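Colleague: attaching a predicted model along with its sequence, questions to come.
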Amino acid sequence: MANEDNFTEVRHRQVATNGITMHVAEQGDLSAPPVLLIHGFPELWLSWRHQMDALAANGYRAIAPDLRGYGDTDVPTDPAAYTIFHIVGDLIGLLDHLELPRVFVVGHDWGAIVAWHLCLFRPDRVKALVNMALPYFPRHPSVKPTDRFKALGEGFYITQFQEPGRAETSIAQYGALTILKKIFSIKMDNLCAPPGMEIMDFLEAPTSLPEWISEDELQYFAEKFQKNGFTGPLNYYRNFDTNWALTAPWQGVKILVPTKFIVGDKDVGFKSFGTEMHIKSGGFKAIVPDLDVVIINGCYHFIQQEKAEEVSSEILSYFSSLS
């Protein structure tokens, strides 16, 4: 059995926030400049283990929660309890509980989406942002996200995730450990299964783990997902259209927080959905004006774990330049 005590010098606490109890891992001096680390799918606080070490060693306080629906944080049963307002609200409540008026923020994958919206809704709480994998795209004024996803085919993973229970049924055939191995090893050019096939069946389970994760670390992830299931995390995807409707008041608003964006050149998300063009054409900088972009060569999606030292260095250099 994996044990969180194996991950040294990390403090754990439960915090009441926004109607839920949130598990929070921390490392570093309590009086040091705080850095909020927001994980993605299917991840946990542990996804930031390398950055927490680096931040604490360099005079920062790393704060890494398990988001709503994940790990040792509460898992509401109502799918409607997973809107972007709920998730950002959880983090604001966490900062209020910790009495932190402003923090540095780091996000990855779904955590990047949450971080973009944290900066959109409450820029007063964010000193600066380092986001990874998913750039900020402007809200389309008339086209719902799921309509755009449907154009990518019935086998596209987000489209399959929309139907309650569908992905869960597919996942249950394998168990959390195998599913995580499949997802953590993704290197394909797209995330679309052939007609009539489930995405979780389409993804390949590797014979060996990626170099960036140990058996003990994978076991920790697997135990948490086996305990709670994947429905909470999948509900984030099931609220894409609701979030689109709820964020209409922010139509056209730019992200003005100082931002560094980091992406791997082999990340499936970088090579798909027009992301590379959005970043390189200037469209991204037009809506996030105070922006630095770093593209890391030879790196796939789980960038803060795959290229831990390089990513930690980018985070530290950026925050120190602004301090």
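Modeller: It's in. Residues are numbered from 1 along each chain as shown.

Colleague: look up the closest residue to the residue nearest to the spatial centre of the chain, ignoring the ones flanking it.
Modeller: Using Cα atoms, centre = their mean, the residue of the chain that lies closest to the mean C-alpha position is Gly40, 2.1 Å off. Closest residue to Gly40 apart from its sequence neighbours, by Cβ to Cβ, 6 or more residues apart in numbering: Asp109 at 2.4 Å. Bear in mind the C-beta positions are built from the backbone N, C-alpha and C, glycine included.

Colleague: contacts only, for the one you found.
Modeller: By Cβ atoms under 8 Å, 6 or more residues apart in numbering, the contact set of Asp109 is 39-41, 43, 132-134, 301.

Colleague: strands along the stretch 1-150 of the chain, start to end?
Modeller: Remark: strands assigned in the stretch 1-150 of the chain by DSSP state E, counting those that start in this stretch are 11-17, 20-27, 34-38, 61-65, 103-108, 126-132.

Colleague: packing partners of the helix or strand of the chain with the lowest mean pLDDT?
Modeller: Across the helices and strands of the chain, mean confidence by mean pLDDT, DSSP states H and E is lowest for helix 268-271: a mean of 89. For helix 268-271, the packing partners by 3 or more Cβ pairs under 8 Å, 6 or more residues apart in numbering; DSSP states H and E come out as strand 259-264, helix 275-280.

Colleague: out of those, deepest packed?
Modeller: strand 259-264 (a mean of 24; mean count of other Cβ atoms under 10 Å).

Colleague: ok, that strand: who's next to it in the sheet?
Modeller: Strand partners for strand 259-264, identified by DSSP bridges, are recorded as strand 126-132 (parallel), strand 291-296 (parallel).

Colleague: mean neighbour count, those: which tops it?
Modeller: Between these, strand 126-132 has the highest mean count of neighbours, a mean of 25, where neighbours are mean count of other Cβ under 10 Å.

Colleague: on that earlier part again, closest one of the contacts of Asp109 to Asp216?
Modeller: Lowest distance from Asp216 to the contacts of Asp109 (Cβ to Cβ) belongs to Glu43, with 16.1 Å.

Colleague: do I have it right that the closest one meets Ala112?
Modeller: No: look at Glu43 against Ala112 with Cβ atoms under 8 Å: they stay out of range, at 11.6 Å.

Colleague: and stretch 154-173, end to end?
Modeller: 21 Å (Cα to Cα, to the nearest Å).

Colleague: list the contacts of that stretch.
Modeller: Contacts with stretch 154-173, where a contact means Cβ under 8 Å, 6+ apart, come from 79, 146, 149-150, 152-153, 179, 191-195, 197-202, 229-231, 234, 237-238, 240.

Colleague: got a quick ChimeraX command for the buried subset of the residues you listed?
Modeller: Selecting only the buried members of these in ChimeraX, with burial defined as 16 or more other Cβ atoms under 10 Å, works like this:
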select :79,149,152,179,191,192,193,198,199,200,202,230,231,234,237,238,240
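
Colleague: name the nearest residue to Val263, ignoring sequence neighbours.
Modeller: Val263's closest residue in space is Phe270 (Cβ to Cβ, 6+ apart), at 5.1 Å.

Colleague: thinking that neighbour is in contact with Gly264, fair?
Modeller: Yes: checked against Cβ under 8 Å, the pair Phe270 and Gly264 is within contact range at 6.6 Å.

Colleague: common neighbours of the two, please.
Modeller: With Cβ under 8 Å, 6+ apart as the test, Phe270 and Gly264 both reach 133, 295.

Colleague: excluding covalently adjacent residues, which one is nearest to His23?
Modeller: Spatial nearest neighbour of His23, excluding adjacent residues (Cβ to Cβ, 6+ apart): Asp72 at 3.6 Å.

Colleague: let's see the pLDDT reported for that neighbour.
Modeller: Per-residue confidence (pLDDT) for Asp72: 98.

Colleague: then Ile186?
Modeller: 93.

Colleague: likewise Asp5?
Modeller: 46.

Colleague: distance of the residue nearest to Thr275 when sequence neighbours are not counted relative to Ala308?
Modeller: Computed as Cβ to Cβ, 6+ apart, the closest residue to Thr275 that is not its neighbour in sequence is Gly269, at 5.7 Å. Between Gly269 and Ala308 the computed distance is 19 Å (Cβ to Cβ, to the nearest Å).

Colleague: pLDDT of whichever strand or helix holds Thr169, averaged?
Modeller: Assigned by DSSP states H and E, Thr169 belongs to helix 166-172. In this model, helix 166-172 has a mean pLDDT of 96.

Colleague: hang on, the earlier thing: as TSV, the strands paired with strand 259-264 with mean pLDDT would be great.
Modeller: Formatted as TSV, the strands paired with strand 259-264 follow (pLDDT from 0 to 100):
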stretch	mean pLDDT
strand 126-132	98
strand 291-296	98
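
Colleague: can you list those strands in JSON lines and add distance to Pro164?
Modeller: Converted to JSON lines, these look like this (distance: least, Cβ to Cβ, whole Å):
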{"stretch": "strand 126-132", "distance to Pro164": "29"}
{"stretch": "strand 291-296", "distance to Pro164": "36"}
